[in-house]
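A.B. asks: All I have is the shape, not the residue letters:
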Ligand SMILES: Nc1ncnc2c1ncn2[C@@H]1O[C@H](COP(=O)(O)OP(=O)(O)OP(=O)(O)O)[C@@H](O)[C@H]1O
């Protein structure tokens, strides 16, 4: 269906590319469509060849979506070159760091190819500090990055306890040197994390030595359009500051009220300052085409934003609070009843542990429990369960293969080009494991694990594994699987306690996973205790906080019905929720 753009949307599509511009887009405002129309318009009338524009997103899925929509506006067969549509990470890797990789790292490569290999912080590699720290042994050089602006180390290993422990250390100069030297050795060996690539890009942009390169880079890419700009970290803002200082024009598009990546040093206040300091022209999209006004008004109160227009208001309440005594799963039948008739109901919560309650009694499955859950949930006739099953199996494999994986792709290793072939492999493997008896979970963990070990070791030899997949499965040939600690004599099925309730068909997402989605009805589950960012009281405490933004992102997903499921309320608490616009059921 062709959209008729609103005046606000057209203002952005027709905006000048000779000025820095910030398009503040409320939820459901058709931001992706508007950005696609803008990119296509600029491509069609582009006068700065051989330069091109760079339209950057933060996830591969967002880039794919943008590319499809841009192509729709362009004449058939029209290529994208000299323009760049891709992720921020791939842009700086390909256009800033790769051309200078040997100069930056001393990595000479092989056969004239000095491409740096990207690795994840969780990968085990041979580069470590010389000394041990915090009783955690020698630290892998890909577990941390260097914060050049503030002159400190940032620990970002994916293991929050380790990160906290190491982050709290008061390091002496010789210790900092040890960390830096390990990092230098890793870079010299041709490996880097995406955060290292950011550091190297900053080095290029700020070191006078590379001034001519930067001048050419800005000629090559005089315009940057950045989607979801609220997710820009401090280091990424520094990169854009240097590009702007050298003459590039920036278009930021996003919603500062949807910034939920505080854990990776993202602070929307910094983006706001950047926009102000660089005199951006500010435009707004204030029409929400997704949600009815009842939901839009409530969301406005969460983050103190009141000028958004939604779809038609309903007289019947569309924002409900349901109460549970101990566990939100008590409400499964009420959810069914309240959401019947709405397409696409999704249960959303801050973390996985609440969502897992709707599936299993295991809060944080270990890798062997992931394998058993994958087997137990496998059902090719039920897409939701099949996806859960493939995901759990891919997590099990990721743990054992230690490969660097692509995001949002069922942990598909970087070296496997096709996500689809990886998914097929996961499916074939599960079906192989099940056909060979692993679906019998009415046995003790010790027996089940023994069988699982034999079958997993034989996986690389199966005919459904392509050559590429077989080569990365080598670690499985000698894999050792053991029962979850203290559970060897317990029955697998009962200790997993997977919910088989057929009526509970709703999809489940964390708030991060639900970002950008549209639902018919959204059920947001609050945790039982406040004090973090997963409880409704945390969400209502301060409209400027990240907790409020979590509630905002989750609650702005539904078209028709928003439910918050909370632990039994006292009278003042009921009043508090009613004052935001909820009807307490
Ligand atoms: N001018 C328009 N007229 C009618 N519908 C529109 C218009 N612009 C956008 N829409 C519709 O609005 C809906 C929401 O758009 P979209 O999902 O792109 O929102 P978004 O801005 O990316 O939201 P969020 O930031 O919450 O992810 C889509 O179904 C889109 O087709």
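C.D. replies: Now that the structure is in, tell me what you want to look at. All values reported here derive from a predicted model rather than from experimental measurement.

A.B. asks: what residues does stretch 426-436 touch?
C.D. replies: 374-375, 378, 380, 386, 389-390, 393-394, 397, 410, 452, 455-456, 459, 462, 464 (CB atoms under 8 Å, 6 or more residues apart in numbering). (C-beta placed from N, C-alpha, C; glycine too.)

A.B. asks: how long is stretch 16-28 from one end to the other?
C.D. replies: Using CA to CA, to the nearest Å, the end-to-end distance of stretch 16-28 comes to 24 Å.

A.B. asks: quick revisit: from the contacts of stretch 426-436, keep the buried residues only.
C.D. replies: 374-375, 378, 386, 389-390, 393-394, 397, 410, 452, 455-456, 459 (16 or more other CB atoms under 10 Å).

A.B. asks: among the residues you listed, which are in helices?
C.D. replies: Counting by DSSP state H, the buried ones among the contacts of stretch 426-436 place 374-375, 386, 389-390, 393-394, 397, 452, 455-456 in helices.

A.B. asks: On the three-state scheme, the closest residue to residue 88 other than its chain neighbours is what?
C.D. replies: Counting by CB to CB, 6 or more residues apart in numbering, residue 88 lies nearest to residue 56, which is 4.7 Å off, once chain neighbours are set aside. Of the three states, residue 56 takes strand under DSSP: H, G, I helix; E, B strand; the rest coil.

A.B. asks: Give me the pLDDT value at residue 56.
C.D. replies: On pLDDT, residue 56 comes in at 97.

A.B. asks: Run through the residues that contact it.
C.D. replies: Counting by CB under 8 Å, 6+ apart, residue 56 makes contact with 84, 86-88, 91, 224-227.

A.B. asks: Measure how buried residue 3 is and give me the count.
C.D. replies: The local packing of residue 3 (other CB atoms under 10 Å) involves 11 other residues.

A.B. asks: is it true that it lies in a helix?
C.D. replies: No - counting by three-state DSSP, one finds residue 3 to be coil, located in no helix.

A.B. asks: list the buried ones in the host helix or strand of residue 64?
C.D. replies: Using DSSP states H and E, residue 64 falls within helix 60-73. For helix 60-73, a neighbour-count test (16+ other CB under 10 Å) marks 60, 62-63, 65-67, 69-71, 73 as buried.

A.B. asks: got a list of what the closest residue to residue 120 other than its chain neighbours touches?
C.D. replies: Leaving out its chain neighbours, the residue that sits closest to residue 120 by CB to CB, 6+ apart is residue 404, at 4.5 Å. Residue 404 is in contact with 118-120, 123, 413-414, counting by CB under 8 Å, 6+ apart.

A.B. asks: gap between residue 404 and residue 299?
C.D. replies: As judged by CB to CB, to the nearest Å, residue 404 and residue 299 stand 37 Å apart.

A.B. asks: sorry, back to before: export the buried residues of helix 60-73 to TSV and tack on distance to residue 367?
C.D. replies: Converted to TSV, the buried residues of helix 60-73 look like this (distance: CB to CB, whole Å):
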residue	distance to residue 367
60	25
62	30
63	31
65	32
66	35
67	35
69	39
70	41
71	41
73	46
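
A.B. asks: What is the nearest of these to residue 128?
C.D. replies: residue 60 (30.3 Å; CB to CB).

A.B. asks: what's the distance between the closest one and the ligand?
C.D. replies: The gap separating residue 60 from the ligand is 17 Å, by CB to the nearest ligand atom, to the nearest Å.

A.B. asks: Briefly note if stretch 268-280 comes near the ligand.
C.D. replies: No - for stretch 268-280, no contact with the ligand is found by CB under 6 Å from any ligand atom; the gap never falls below 13.9 Å.

A.B. asks: The residue in the stretch 151-300 of the chain that the ligand sits nearest to - how many residues pack around it?
C.D. replies: With CB to the nearest ligand atom, the shortest gap between the stretch 151-300 of the chain and the ligand falls at residue 289, namely 3.2 Å. When neighbours are defined as other CB under 10 Å, residue 289 has 18 of them.

A.B. asks: Check the secondary structure at the residue lying closest to residue 464 once chain neighbours are set aside for me.
C.D. replies: What sits nearest to residue 464 in space, not counting adjacent residues and going by CB to CB, 6+ apart, is residue 428, at 4.0 Å. Under the three-state scheme (three-state DSSP), residue 428 adopts helix.

A.B. asks: burial of residue 428, as a residue count?
C.D. replies: 15.

A.B. asks: How about residue 381?
C.D. replies: 6.

A.B. asks: so residue 548 is in which element?
C.D. replies: Residue 548 is part of helix 546-555, with elements assigned from DSSP H and E.

A.B. asks: how about the very next helix or strand once past that helix against the ligand, any contact?
C.D. replies: Per DSSP H and E, the first helix or strand lying C-terminal to helix 546-555 is strand 558-567. No - shown here: strand 558-567 not in contact with the ligand (CB under 6 Å from any ligand atom), separated by at least 9.0 Å.

A.B. asks: how about strand 558-567: buried residues?
C.D. replies: In strand 558-567, counting by 16+ other CB under 10 Å, buried: 558-567.

A.B. asks: got the contact list for residue 87?
C.D. replies: So residue 87 contacts 56-60, 62-63 (CB under 8 Å, 6+ apart).

A.B. asks: again, only this time at 7 Å
C.D. replies: By CB atoms under 7 Å, 6 or more residues apart in numbering, the residues touching residue 87 are 56-60, 63.

A.B. asks: And the helices in the stretch 51-200 of the chain?
C.D. replies: Taking DSSP state H, counting those that start in this stretch, the helices of the stretch 51-200 of the chain run over residues 60-73, 88-92, 101-105, 160-167, 173-188, 194-206.

A.B. asks: For the ligand, see how far away the residue nearest to residue 88 is.
C.D. replies: 16 Å.

A.B. asks: Next: residue 338.
C.D. replies: From residue 338 to the ligand the distance is 23 Å (CB to the nearest ligand atom).

A.B. asks: Around the ligand, pick out the residues from the chain.
C.D. replies: 3-6, 9, 25, 27-33, 255, 289-290, 516, 518, 556.

A.B. asks: I appreciate the help and will end here.
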